[in-house]
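In: I need the structure of the sequence given here:
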Amino acid sequence: MRFFNTAGVCEPERHYMLPPERRLPNVRSLIDEQAYFVVHAPRQSGKSTCFHHLARALTAEGRYAATLATCETGRTAVDDIDAGVNAVVGSIYLDAELDLPEELRPAAPKPFREKPAETRLRTYLKDWCQRCPRPVVLFLDEVDALFGKSLLTVLQQLRAGYRGRPGSFPHAMALIGLRDVRDYRVREVSEDSVVEELQAVLGTSSPFNIKVESLTLRNFTAEEVAELYGAHTEETGQAFTEEALELAWGLTRGQPWLVNALARQVVTREAPEPGTAVTVEHVEKAKEALILRRDTHIDSLVHRLQEARIRRVVEPIVAAEYPDEDIPQEDAAFCVDLGLVTRGPAGLAMANPIYREVIPRALTSVTDLFLPVDERAYVRADGGLDFERLLDDFVAFWREHAESFLKRQPYSEAAAQLVCMAFLQRVVNGGGYIDREYAVGSGRVDLCVRWPATGQRHALELKVWRGGRPDPEEKGLEQLGAYLERLGLDEGTLVVFDQRKEALPFAERGSREERTAGCRRVLVLRL
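Out: The predicted structure follows:
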């Protein structure tokens, strides 16, 4: 029986998968035109799977000798050109040995190690192409694992050999990685003990200016998510309800790893019996499990949140405010290439609701450990959430502890919102969910606390009053009113965090006022 794969290349006989070339329109035309091109997309979005199967197909059709070779083994060779080039040459040989029949393979690399490192890769590829009875097509995966002088010499040798194609150099070639060529790393520097891998980048395509196009892999569409999950239904008989499919698409926005990981969690943990139809509740539980487990894919994104170039982009998104300073274009492009953020109709936002929930939790994970909260105290005898007590205790907590907790937040502009979300998360853990909405420039963070046991929903809007700006209460009422209307709720809570220098001492804050937003009741808390 096949399964949903979350690690390594997908194989159709073992894994549920979609036709790999579907997300690579016109790629065969580029190959037939002897093009050298770049493919960049976020990690675990299917790049390796697509080109692994494309290489197999091209070879099986008899026109080309095609292989996918990884440059990952050259990661440690920063300025050691000899080691970096040997890693690339060795990978081409080993991967071609797996993919190609003997008559189409390159020679063993050992004799070529006597050649100067600056020409070794070019010489090796030239020898292969002159020996091979078919035009060679080479896909170099994880190219941006290389950096420093190793990266530069590899790119320069590929450019130098380009004029020899197709008889004396690969007929067509793709460089595959996270980034486009201009964003490849050229050195690694340290800043305040934090490694800034992209502090220095090429900033140009000149070392590989022979590329004719830069492609990217799109995410799955809603229809493709349904098709992928439908393959499981066809084999096992286990159906996904329409609502479950819609939620899976909505939570993941089609990010391939998330789509597969969510389904895998559902069918192996939440609803393991084939006779059990997958519902919204199963998908919700699976999403929560993924967030709490923080598998490698999610953890690798979380690990980067402290990097300065990531923080410059993500902090104003979490704070829902325009940045005080201009963000370098390359920083924004890097976050988009990572798949962490996306360019939406309202500007930059987190790429999908799962990342939108992961990021605040990750930023407050240590804070969460020290919060004086016993979540059991907020569950009423009837199993409902005691939301009034939650608000009362949060006000008390803010008066006593806010100043010390705010100082610990790495994202200072979003500190108040993050501490508030951490408190709420501790309360609802295990029994409810928090839906978050925030984006650059919106000026607010909208939260909907859901408690499935009793069907409760409570809406909050978080606003920050900063020095030199008008009181945000009236604007907040207007915005919260629209949010309540969208949720179909009659009441909500507006929390205004006063971060002006002239604000009252923390111990004196916590005023309450009943207001209205249209015909809806709003409790205004001033903290």
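In: average pLDDT across the helix or strand where residue 53 lies?
Out: Residue 53 belongs to helix 47-60 when assigned by DSSP states H and E. Averaged across helix 47-60, the pLDDT comes to 97.
In: And stretch 404-414, by the same measure?
Out: Stretch 404-414 comes out with an average pLDDT of 89.
In: One more: stretch 239-252?
Out: The average pLDDT for stretch 239-252 rounds to 98.
In: Now it: buried residues?
Out: 239, 240, 244, 245, 246, 247, 248, 249, 251, 252 (16 or more other CB atoms under 10 Å). For every residue, glycine as well, the C-beta is placed using N, CA and C.
In: In helices, which of those appear?
Out: Among the buried residues of stretch 239-252, the members falling in helices (DSSP state H) are 244, 245, 246, 247, 248, 249, 251, 252.
In: Which helix or strand in the protein has the lowest average pLDDT?
Out: Every helix and strand of the chain was ranked by mean pLDDT, DSSP states H and E. The lowest is strand 194-201, at a mean of 45.
In: ok, back up a step: buried sites along the helix holding residue 53?
Out: By 16+ other CB under 10 Å, the buried positions in helix 47-60 come out as 47, 48, 49, 50, 51, 52, 53, 54, 55, 56, 58, 59.
In: what sits up against whatever helix or strand comes next after the least confident helix or strand of the chain?
Out: Towards the C-terminus, the helix or strand next in line after strand 194-201, according to DSSP H and E, is strand 211-215. Outside strand 211-215, the residues that touch it by CB atoms under 8 Å, 6 or more residues apart in numbering are 24, 27, 30, 33, 35-40, 175, 180-181, 205.
In: still on that earlier bit, now distance to residue 375 too, for the buried residues of stretch 239-252, in a markdown table please.
Out: Formatted as a markdown table, the buried residues of stretch 239-252 follow (distance: CB to CB, whole Å):
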| residue | distance to residue 375 |
| --- | --- |
| 239 | 34 |
| 240 | 31 |
| 244 | 27 |
| 245 | 31 |
| 246 | 30 |
| 247 | 25 |
| 248 | 27 |
| 249 | 31 |
| 251 | 24 |
| 252 | 28 |
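In: Assign residue 219 to helix, strand or coil.
Out: State at residue 219, reduced to three classes by DSSP: H, G, I helix; E, B strand; the rest coil: coil.
In: was I right about it contacting residue 249?
Out: No: contact criterion CB atoms under 8 Å: residue 219 and residue 249 do not qualify, at 9.8 Å.
In: what touches both of those two?
Out: Counting by CB under 8 Å, 6+ apart, residue 219 and residue 249 have no shared contacts at all.
In: quick one on the thing from earlier: of the contacts of strand 211-215, closest to residue 73?
Out: The nearest member of the contacts of strand 211-215 to residue 73, counting by CB to CB, is residue 175 at 16.1 Å.
In: Quick one: mean pLDDT for the strand ranked longest in the chain?
Out: The single longest strand within the chain, with elements called by DSSP state E, is strand 456-465. Strand 456-465 shows an average pLDDT of 97 in the prediction.
In: Show the average pLDDT along whichever helix or strand comes after it.
Out: Later in the chain than strand 456-465, the nearest helix or strand by DSSP H and E is helix 473-487. Mean per-residue pLDDT for helix 473-487: 96.
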